[in-house]
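S.K.: Structure of the sequence below:
(one chain, ligands or ions: 4)
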Amino acid sequence: KPPEAPSRIGITLETYILEGMLGFPAATGAFTSLLNQFGLVAKLVTSKVRRAGLANVLGYTGQTNVQGEVVQKLDEVANETLLSVLGRRGHCAAVVSEELGEMRLLCTDPRAKYIVVVDPLDGSSNIDVNISIGTIFGVLRKSDAKMGADPSDFLRPGRDLVAAGYVLYGSSTLLVITTGLGGVHGFTYDPTVGEFFLSHENIRIPERGSTYSINEGHSARWPESVRRWNAWIKEDSKHEGRPYGARYVGSLVADAHRTLLKGGIFAYPADRGGQGKLRLLYEANPFAFIFEAAGGKASTGAERILDRVPRSLHERVPLVLGSPRDVEDFEQFVRGEG
Ligand code: AHG
Ligand code: MN
Ligand code: MN
Ligand code: MN
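M.R.: Numbering: from 1, shown residues only. Ligands and ions are numbered 1, 2, ... in the order given. As a prediction, the model looks like this:
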């Protein structure tokens with residue numbers, strides 16, 4: 001019997017990054033160190049999330065953010081945690097966050113080569129009812145190494161990302177990360193050890209799935225083509241002889257993660273005249289980057305998300321994520337061929 005291959009369990013997030021198994025070129029150490037900082041952010045936020053009811057982080061702060069949303073205490077705690085961790089080691093020059101109206105400069109030293117986009121707490125409406133929530137992040141290289149970061153640095157298409165990931169505070173805390181080059185990998189947090197261990201190596205999305213994920217309560221506001229797709233997916237779509245099932249958590253991180261692992265389609269379409277609810281820089285782009293790295297597709301319904309050039313930091317975009325075949329079906333309806 002050939003010797004057992006060494007177990008892949010027991011590899012920590014730190015080891016996986018330090019040993020370059022995320023596939024990026026031998027780093028100067030700054031990129032490695034920056035990626036490891038997201039592991040620390042996830043540990044700090046997860047400790048607050050797991051005790052939310054006890055640590056007085058439920059409920060509202062009484063403020064509203066640049067999105068016009070009421071800010072939950074955990075939104076703010078997660079945002080402050082990320083800013084303080086990324087502000088420490090001098091690799092991150094600036095951050096654009098859902099919870100900050102303007103770009104936050106963190107380090108003007110030219111050696112700070114990266115900028116970060118973040119949705120510190122995604123799915124805030126689910127915090128107080130103990131349903132899965134998440135954190136979403138993306139890393140870009142600062143365009144002009146010599147200067148401090150500038151807001152225009154963030155107005156680049158998502159294809160320029162050098163890393164993206166998310167943390168899902170679900171039945172367990174899972175951190176999924178990719179550099180786009182070396183596959184998409186998931187690490188599960190073991191609170192008894194205080195480490196993230198490799199649990200989902202090289203996640204690949206199925207070519208086609210059997211669930212669709214969309215908030216049908218908004219259907220009156222969708223374009224006609226999306227209403228036609230929705231009717232088709234419910235009645236006439238067939239996958240292994242059965243129509244698709246419906247799954248909707250209302251946290252992008254939870255709905256997207258389920259779609260990534262099991263296949264199928266998630267959509268938050270444009271509403272009449274608007275661009276929908278999800279934000280391009282720190283929700284759509286990081287997930288589009290991750291889905292494409294896992295063999296999936298990410299589209300506005302009409303164009304590839306990663307090609308969309310942002311015009312403002314908090315601009316919204318219709319988002320369709322999923323198995324390539326399922327996203328192509330959706331796009332056919334939008335083109336009027338469905
Ligand atoms: P956030 O909590 O970061 O503002 O994001 C909430 C988003 C996203 O998590 C989810 O997909 C969407 O809101 C759900 O919106 P609806 O309640 O309109 O379906
Ligand atoms: Mn919000
Ligand atoms: Mn969000
Ligand atoms: Mn948020």
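S.K.: so which helix or strand takes in Val57?
M.R.: Using DSSP states H and E, Val57 falls within no helix or strand.
S.K.: Now do the contacts for it.
M.R.: The neighbours of Val57, taking C-beta atoms under 8 Å, 6 or more residues apart in numbering as the test, are 48, 51, 73-74, 77. C-beta here means a position set from N, CA and C on the backbone, and glycine is covered the same way.
S.K.: ok, 6 Å please
M.R.: 48, 73-74, 77 (C-beta atoms under 6 Å, 6 or more residues apart in numbering).
S.K.: Counting neighbours, what do you get for the closest residue in space to it that isn't next to it in sequence?
M.R.: Closest residue to Val57 apart from its sequence neighbours, by C-beta to C-beta, 6 or more residues apart in numbering: Lys73 at 4.5 Å. Using other C-beta atoms under 10 Å, the number of residues around Lys73 comes to 21.
S.K.: Would you mind listing what in the stretch 151-300 of the chain touches ligand 1?
M.R.: 215, 250-252, 268, 277 (C-beta under 6 Å from any ligand atom).
S.K.: Emit the PyMOL select command for whichever of the residues you listed are buried.
M.R.: Here is the PyMOL command that selects only those of these that count as buried (16 or more other C-beta atoms under 10 Å):
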select buried, resi 251+252+268+277
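S.K.: from the residues of the stretch 151-300 of the chain next to ligand 1, which single one is nearest Asp144?
M.R.: Leu252 (31.8 Å; C-beta to C-beta).
S.K.: Serialize the contacts of Val57 to TSV and add fields for pLDDT, distance to Arg221 and secondary structure.
M.R.: Shown next, in TSV, are the contacts of Val57 (pLDDT from 0 to 100; distance: C-beta to C-beta, whole Å; DSSP: H, G, I helix; E, B strand; the rest coil):
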residue	pLDDT	distance to Arg221	secondary structure
Lys48	91	34	helix
Lys73	89	30	helix
Leu74	92	28	helix
Val77	94	32	helix
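S.K.: In the residues you listed, find the pair that's most separated.
M.R.: Maximum pairwise distance in those, criterion C-beta to C-beta, is 9.2 Å, between Lys48 and Lys73.
S.K.: For ligand 3, what's the nearest residue on the stretch 51-200 of the chain?
M.R.: The nearest approach of the stretch 51-200 of the chain to ligand 3 comes at Asp122, 3.4 Å away (C-beta to the ion).
S.K.: Give me the spatial nearest neighbour of that residue, chain neighbours excluded.
M.R.: Gly134 (4.5 Å).
S.K.: Now do the contacts for the one you found.
M.R.: Going by C-beta under 6 Å, 6+ apart, Gly134 touches 122, 166-168, 253.
S.K.: returning to that earlier point: and the gap between the residue nearest to Val57 and ligand 4?
M.R.: Distance from Lys73 to ligand 4, counting by C-beta to the ion, to the nearest Å: 13 Å.
S.K.: just Leu261 next, same as before
M.R.: Relative to ligand 4, and taking C-beta to the ion, Leu261 is found at 22 Å.
S.K.: Can you list phi and psi of that residue for me?
M.R.: Phi and psi for Leu261, reported as degrees, to the nearest 10, are phi -80, psi -40.
S.K.: Run a quick neighbour tally on it.
M.R.: Leu261, neighbours per other C-beta under 10 Å, totals 17.
S.K.: Check Ala246 too.
M.R.: 12.
S.K.: Leaving out chain neighbours, which residue sits closest to it?
M.R.: Closest residue in space to Ala246, ignoring its immediate chain neighbours: Tyr212 at 6.2 Å, by C-beta to C-beta, 6+ apart.
S.K.: mind listing what that neighbour touches?
M.R.: Residues near Tyr212 by C-beta under 6 Å, 6+ apart: 233, 244, 265.
S.K.: can you check Gln72 too?
M.R.: So Gln72 contacts 60, 124, 127 (C-beta under 6 Å, 6+ apart).
S.K.: can we see that at 10 Å?
M.R.: Contact analysis of Gln72 by C-beta atoms under 10 Å, 6 or more residues apart in numbering lists 52, 57-61, 65, 78, 99, 121, 124-125, 127-128, 133.
S.K.: next one: Thr259
M.R.: Here Thr259 is in contact with 205-206, 209, 211-213, 247, 265-267, 287, 291, 296, 321-323, 326 (criterion: C-beta under 10 Å, 6+ apart).
S.K.: In strands, which of these appear?
M.R.: Within these, residues falling in strands by DSSP state E are 211-213, 265-267, 321-322.
S.K.: so which of those residues comes closest to Ile17?
M.R.: Set against Ile17, the nearest of the ones in strands among the contacts of Thr259 by C-beta to C-beta is Leu321 (25.0 Å).
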